[in-house]
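J.: A structural model of the following input is requested.
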Amino acid sequence: MLTSAERVCLLENRLFRGFLPAELDGLLESLSARAVSLPGNCVLWSMGDRVERAGIVLSGRVEAWRYTADGQACLSAVHEAGGLFGDVLMSARTVGSPVELRTARQSRVLFLSLDALLQCCARDGGQKCTRLLSNLLEEISEKYWAQEKRVRLHYKLDELDGWNIWRISFPWEGKKETRPRTLSLHLRESPVHIPGPEFTPEKAGDSITFTLPGAQQTYTLTALALHTEELPLFGETVYTTELAYDIAPEPPGGSVTLRDFAEAIRVSPQGDFSGCAFGVIGGADGPVALAMGRDIACSQVRREKERRVTWTLMFRKKRKECLQIMLLGEKEDKKQ
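T.: Next comes the predicted model:
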């Protein structure tokens, strides 16, 4: 049985926003909600536990604690009267809790079940259910962005840069947990593709000189052969140009390729297709292949047989060195 103060507390919570006081009892009954009185220092769930229920603090105080690798306890979050906890973990279902949750003093908590909420929606699927789910999603979304903001402020991340933040867990092998002596983070940048000069060869022997980004070594790319290949495609005849070339001296493997940026043609094949765009299939750098010890680049397909193809040199480059950061053990950054 809820007191009048507890009912006010619930109606002020975002989860029940938009509901009238007269609707509250029926809604809580549909959700199989249960109010529980708990003593101080009562553990609601431990780290790693799967959470099946969310809770709203009606009175008292509930705290979330994390434990570091050396066993030190760190206060992660505090929930006082009106605070909603466990909603994100309840919705995730298969994710273990990253924190231990316990009462800081004698408290009253209203527990809610996601399964009961879904069953309620399946039974009536009405406006009340839609409103409740909408409120739950808003709460989870706000917590997500609040956490993202805390991470940015804590690690002093520039908002003008792009950041991808992961939380990764590694299960222990075997039954006995082993405390690691060292833990390091390795940051490796994937190479990016940088457009270089353009090259429009007309015959074998034509060449172009270039340098790799940030380097002084001069390279020469020489056209060895130009060949127009005829391809049948859905009753049409289309063409592609194959360019066999050589680069001297030989650059680092995979650092230079050629790409034709011409627009892919559109054809209307017979059948149920309204239209498709076609280009020569290649790797991440575009239409390119390797055959018989020579580099061979293929242009985009086209309808006209004769066309001068302008090739763009593409440079594959890592802009930053790999970085090793010691998280546990030696406090020293090492460049590889």
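J.: any idea which helix or strand comes after the lowest-mean-pLDDT helix or strand in the chain?
T.: Across the helices and strands of the chain, mean confidence by mean pLDDT, DSSP states H and E is lowest for strand 288-291: a mean of 38. Next in sequence after strand 288-291, counting helices and strands by DSSP states H and E, comes strand 294-298.
J.: strands paired with that following strand, and their directions?
T.: According to DSSP bridges, strand 294-298 has the following sheet partners: strand 236-248 (antiparallel), strand 288-291 (antiparallel).
J.: pLDDT of it, averaged?
T.: Strand 294-298 shows a mean pLDDT of 84.
J.: how far does it sit from its chain's centre?
T.: In terms of CA atoms, centre = their mean, to the nearest Å, the centre of strand 294-298 is found 35 Å from the chain centre.
J.: do stretch 77-96 as well
T.: 22 Å.
J.: with stretch 36-53 instead?
T.: Worked out by CA atoms, centre = their mean, stretch 36-53 lies 30 Å from the chain centre.
J.: first-to-last residue distance for that stretch?
T.: 13 Å (CA to CA, to the nearest Å).
J.: returning to that earlier point: residue 20: which of the strands paired with strand 294-298 is closest?
T.: strand 288-291 (66.2 Å; CB to CB). C-beta: built from backbone N, CA, C; applies to glycine.
J.: give me the neighbour count for residue 319.
T.: 10 (other CB atoms under 10 Å).
J.: on the three-state scheme, it is what?
T.: Assigned with DSSP: H, G, I helix; E, B strand; the rest coil, residue 319 falls in the coil class.
J.: does it touch residue 189 like I think?
T.: Yes. Contact criterion CB atoms under 8 Å: residue 319 and residue 189 qualify, at 6.4 Å.
J.: give me the common contacts of those two.
T.: Listed contacts common to residue 319 and residue 189 are nil; contacts here mean CB atoms under 8 Å, 6 or more residues apart in numbering.
J.: now residue 120, what's its secondary structure?
T.: Per three-state DSSP, residue 120 ends up helix.
J.: which ones are touching it?
T.: Contacts of residue 120 by CB under 8 Å, 6+ apart are 30, 31, 129.
J.: what pLDDT does the residue lying closest to the first one once chain neighbours are set aside get?
T.: Nearest non-adjacent residue to residue 30, counting by CB to CB, 6 or more residues apart in numbering: residue 120, 4.5 Å away. Reported pLDDT at residue 120 in the predicted model: 71.
J.: quick check: residue 120 vs residue 89, distance?
T.: 20 Å (CB to CB, to the nearest Å).
J.: please narrow the contacts of residue 120 to those residing in helices.
T.: Under the assignment DSSP state H, the contacts of residue 120 contribute 30, 129 to helices.
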